[in-house]
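Undergrad: generate a structure from the sequence data that follows.
(one chain, ligands or ions: 2)
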Amino acid sequence: MKKDFINILDFTRDELEQILATAQELKARKKAGVVETGMAGKTLALYFSKDSLRTRVSLEVAATSMGGAAVYLDFKGKPMFERESLPDQARVVGRLVDAVAIRTFSHQDVVDFARWCAVPVINALTDWTHPTQAMADILTMRECLGDTRGRHLVYIGDGNNVARSLAAICAKLEVKLTIAAPAGYKLGDDLVRIRREAGGGDLREVADPIEAVKTADVIYTDVWVSMGQENEEDKRLAAFAAYQVNRDLWRRAPDGAMVLHCLPAERGREITDEIIDDENVSRVFQQAENRMHIMRALMQEFVVNRGK
Ligand code: CP
Ligand code: NVA
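TA: Ligands and ions are numbered 1, 2, ... in the order given. All right, here's what the predicted structure looks like:
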């Protein structure tokens with residue numbers, strides 16, 4: 001049976017650990033010069049209706065560097081399922097390729113597509129979640145901190161897709177999470193639901209970023225205006241003005257606290273140059289590279305090993 005990678009909450013802790021272990025192994029093998037061939041004869045289709053650098057390149061490199069091919073379908077500026085219905089497209093594409101990665105607005109569209117599609121579907125970002133990002137974030141934390149259980153991840157800013165996926169993975173893997181967000185931009189009921197669906201989790205939300213970072217091992221932020229929210233820009237910039245990750249905030253955290261950002265960053269808004277470019281503090285480029293190692297692990301676990 002095919003498996004999809006759509007939501008962290010669909011997986012057990014052991015299944016997530018398996019993907020992370022495969023990513024670590026494939027990364028080490030790649031650094032040692034080993035060329036994988038498991039995707040030979042297989043094709044990954046990318047269905048994207050939003051911009052992307054990291055996710056698109058990571059997926060294309062994952063498929064091709066393991067001997068396969070990638071085909072990119074650009075739906076930017078036009079509805080994804082206008083020319084042909086979702087069920088028809090999913091059934092057709094599922095006969096033409098071996099896996100599909102989708103980046104779009106509606107999370108439900110990705111769920112529905114996976115239901116109609118005969119091959120594995122990977123969520124490459126929806127308005128609701130960004131699960132491949134969260135996997136790369138945990139991989140990066142482990143590389144920098146060792147065991148992540150009981151570590152404290154502090155997310156500053158918008159309760160968005162990235163925050164939701166972080167909450168899910170923190171709950172599953174026993175990482176303590178604090179989200180510092182202004183009123184109106186918290187996860188609220190979503191956090192309660194994530195905790196319930198994950199079967200527990202040390203997840204909380206506060207308003208004060210200074211209070212939140214006091215015991216942080218990791219400080220994480222994302223843009224204040226996500227793709228598709230451009231018409232809310234003025235309102236959002238005002239709401240998040242006190243939530244910038246800068247040197248001053250970082251100094252309130254324990255010594256050695258590291259900084260992550262999923263990128264792209266709006267430098268000067270949610271994060272300052274001095275912090276994101278401080279190589280002793282910021283791990284954002286290592287984090288970006290790990291996107292690819294996670295995508296290769298997903299190719300291995302969901303496409304190459306399928307039916308094995
Ligand atoms: N972090 C991330 O998903 O980057 P892209 O939007 O460039 O893919
Ligand atoms: N929250 C951002 C993440 C981009 C990787 C967005 O959805 O635009």
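Undergrad: may I see the buried residues of stretch 196-210?
TA: Buried residues in stretch 196-210, defined by neighbour count with 16 or more other Cβ atoms under 10 Å: A198, G201, L203, E205, P209. Placement of C-beta: from N, CA and C, glycine included.
Undergrad: same check on stretch 23-41?
TA: By 16+ other Cβ under 10 Å, the buried positions in stretch 23-41 come out as A23, Q24, L26, K27, K30, E36, G38, M39.
Undergrad: just the pLDDT at the last one, thanks.
TA: Reading off the per-residue confidence, M39 sits at a pLDDT of 98.
Undergrad: and if you look at the second one?
TA: Here the pLDDT value assigned to Q24 is 98.
Undergrad: that one against L139, yeah?
TA: Yes: the pair Q24 and L139 qualifies as a contact (Cβ atoms under 8 Å) at a distance of 7.1 Å.
Undergrad: who touches both of those two?
TA: Counting by Cβ atoms under 8 Å, 6 or more residues apart in numbering, the contacts common to Q24 and L139 are H293.
Undergrad: just the CA atoms of the top helix by length along the chain, as CSV, please.
TA: The longest helix of the chain (DSSP state H) is helix 13-31. The C-alpha trace of helix 13-31 is given here as CSV (Å, rounded to 0.1, in the frame of the first residue of the first chain):
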residue,chain,number,x,y,z
ARG,A,13,7.0,8.6,16.8
ASP,A,14,8.8,5.5,15.5
GLU,A,15,7.9,6.2,11.9
LEU,A,16,9.2,9.8,12.2
GLU,A,17,12.4,8.5,13.8
GLN,A,18,12.8,6.1,10.9
ILE,A,19,12.6,8.9,8.4
LEU,A,20,15.1,11.0,10.4
ALA,A,21,17.4,8.1,10.7
THR,A,22,17.3,7.5,7.0
ALA,A,23,18.0,11.2,6.4
GLN,A,24,21.0,11.1,8.6
GLU,A,25,22.3,8.0,6.9
LEU,A,26,21.7,9.3,3.4
LYS,A,27,23.3,12.6,4.3
ALA,A,28,26.4,10.8,5.6
ARG,A,29,26.6,8.6,2.5
LYS,A,30,26.2,11.7,0.3
LYS,A,31,29.0,13.5,2.1
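Undergrad: centre of the chain to whichever helix or strand comes after it, how far?
TA: The helix or strand immediately downstream of helix 13-31 is strand 43-48, counting by DSSP states H and E. In terms of Cα atoms, centre = their mean, to the nearest Å, the centre of strand 43-48 is set 17 Å apart from its chain centre.
Undergrad: following element in sequence after strand 43-48, please.
TA: Next in sequence after strand 43-48, counting helices and strands by DSSP H and E, comes helix 54-65.
Undergrad: just want the angle from that following helix to helix 13-31.
TA: Here the directions of helix 54-65 and helix 13-31 differ by 70 degrees (axes from the mean of the first three to the mean of the last three Cα atoms, to 10 degrees).
Undergrad: ok, helix 54-65 near ligand 1 or not?
TA: Yes: judged by Cβ under 6 Å from any ligand atom, helix 54-65 comes into contact with ligand 1 at R54, T55.
Undergrad: can you state the direction angle for that helix and strand 43-48?
TA: Angle, helix 54-65 to strand 43-48, by the same axes, to 10 degrees: 170 degrees.
Undergrad: in helix 54-65, which residues are buried?
TA: Buried residues in helix 54-65, counting neighbours by 16+ other Cβ under 10 Å, are found at R54, T55, R56, S58, L59, E60, A62, A63, S65.
Undergrad: doesn't R103 make contact with the second one?
TA: Right, T55. Yes: here T55 lies in contact with R103, judged by Cβ under 8 Å, at a distance of 6.4 Å.
Undergrad: now for the two: what residues contact both?
TA: Both T55 and R103 are contacted by A124, L125, under the criterion Cβ under 8 Å, 6+ apart.
Undergrad: enumerate the residues of this protein near ligand 2.
TA: N160, N161, V162, D222, V223, S226, M227, C262.
Undergrad: quick one: which of those residues sit in helices?
TA: Counting by DSSP H, the part of those found in helices is N161, V162.
Undergrad: ok, so of the residues of the chain next to ligand 2, who is nearest M80?
TA: Distances from M80 to the residues of the chain next to ligand 2, taken as Cβ to Cβ, are shortest for M227 (14.2 Å).
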